[in-house]
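>>> Provide a 3D model corresponding to the input given below.
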Amino acid sequence: MAIQTPWGAPYGGPPHMPPNIPAKDVRPRRIWYVVAALLALVLAGAGVAFIAVTLKDAVHAVDTARSFSSGDSRTFGFVQGETKAIYVSQSGQGRVDCRIPQLPPGSMTQPDSSYHVTLGSRTWERVFEVRPGSSGEYTLTCTSERPAEFALGDKPRVGSMVGGILAGIGCFLAAVAAAATITIVTAVRRSRHRRRLVAMSAPAPQWGPPPSGPGPGYPPGPLS
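Sure thing, here's the model as predicted:
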C-alpha cells in the first residue's frame, strides 16, 4: 500500500496486486457442477420414462389389431374375474349395442365415466365393460347407428395413469430444483472460499519512514 506524501513522492512501496488463486484450490471443487448436471439428466430421464410407460400402456389398452366392423362378431378369450372394456370408433355420436349371448345378465355393464384413447387418426371410446363369471371363449357382437369399428381392450386404470404423469412431472421439477440448488450453493461457497484465500495470501502493508528535511513542495528556509 503506497501513501502519497505532502511532497508528492509516495512511500511504502507500489500497490500490491491481489494474489492469483488457482481454481483447483477453491472449495468445494468444480466437480459439483458436473454432479448437478448428471443428477438433472438422471431425474429428467426418469420423468421421460414414467410418461412414456404411461402413454404406452394407454395406447396398448385397445386391441386394434382384432377390431371388427359394426354388425360383425368376433370371438375373444376372457378370464374369470378380469374386467375387459369394449371400445368403439365411429364418426359422430350414435347409439351402440353389444352382446355376448353366452354370458349371464349383469356381466356386461356401462361405465359411469367416459374414456377416450386417440390412436393415429381414430379415437376410441369405452362404451361397455365385461366381467365374466368363468373363463372361456366368448363371441362378441356389436352394432351402431353409424359406421363404426369395435375393439376389445383393457379396463383403463385412470388412477395409475394420472399417477404416472404426475410422477414424470415431479421428476422434471426435481431435476430443475436439484441442479439449481447444487449450482448456486457451490458457486456461493466457492466465492466465499476464494475471498478467504485472497485475504490470507495478501502481504501485510509495508510502511516506510517519511523523508527528512523539506521536500520540493516547501519554500526554502531563511538564508543565514
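>>> which ones are touching Val117?
58-59, 61-62, 87, 123-124, 156 (CB atoms under 8 Å, 6 or more residues apart in numbering). For glycine as for every other residue, the C-beta is placed from the backbone atoms N, C-alpha and C.
>>> hey, where'd the strands end up in the protein?
Using DSSP state E, the strands found in the chain span residues 3-4, 10-11, 68-69, 73-78, 84-90, 96-99, 108-109, 116-119, 122-130, 136-144, 148-154.
>>> make CSV from the contacts of Val117 and add pLDDT and neighbour count to it.
Output for the contacts of Val117, formatted as CSV (pLDDT from 0 to 100; neighbours: other CB atoms under 10 Å):
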residue, pLDDT, neighbour count
Ala58, 75, 19
Val59, 71, 13
Ala61, 84, 21
Val62, 90, 23
Tyr87, 96, 27
Thr123, 91, 13
Trp124, 93, 24
Pro156, 82, 21
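>>> returning to that earlier point: turn the strands of the chain into a markdown table, including distance to Ala40.
What follows is the strands of the chain, written out as a markdown table (distance: least, CB to CB, whole Å):
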| stretch | distance to Ala40 |
| --- | --- |
| strand 3-4 | 52 |
| strand 10-11 | 53 |
| strand 68-69 | 48 |
| strand 73-78 | 46 |
| strand 84-90 | 39 |
| strand 96-99 | 48 |
| strand 108-109 | 47 |
| strand 116-119 | 32 |
| strand 122-130 | 36 |
| strand 136-144 | 49 |
| strand 148-154 | 35 |
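>>> go through those and name the closest to His193.
Minimum separation from His193 across the strands of the chain (CB to CB) falls at strand 3-4, 31.5 Å.
>>> so what are the domain limits for the protein?
Listed by automatic domain parsing, the domain ranges of the chain are 1-16+203-224, 19-56+163-201, 65-155.
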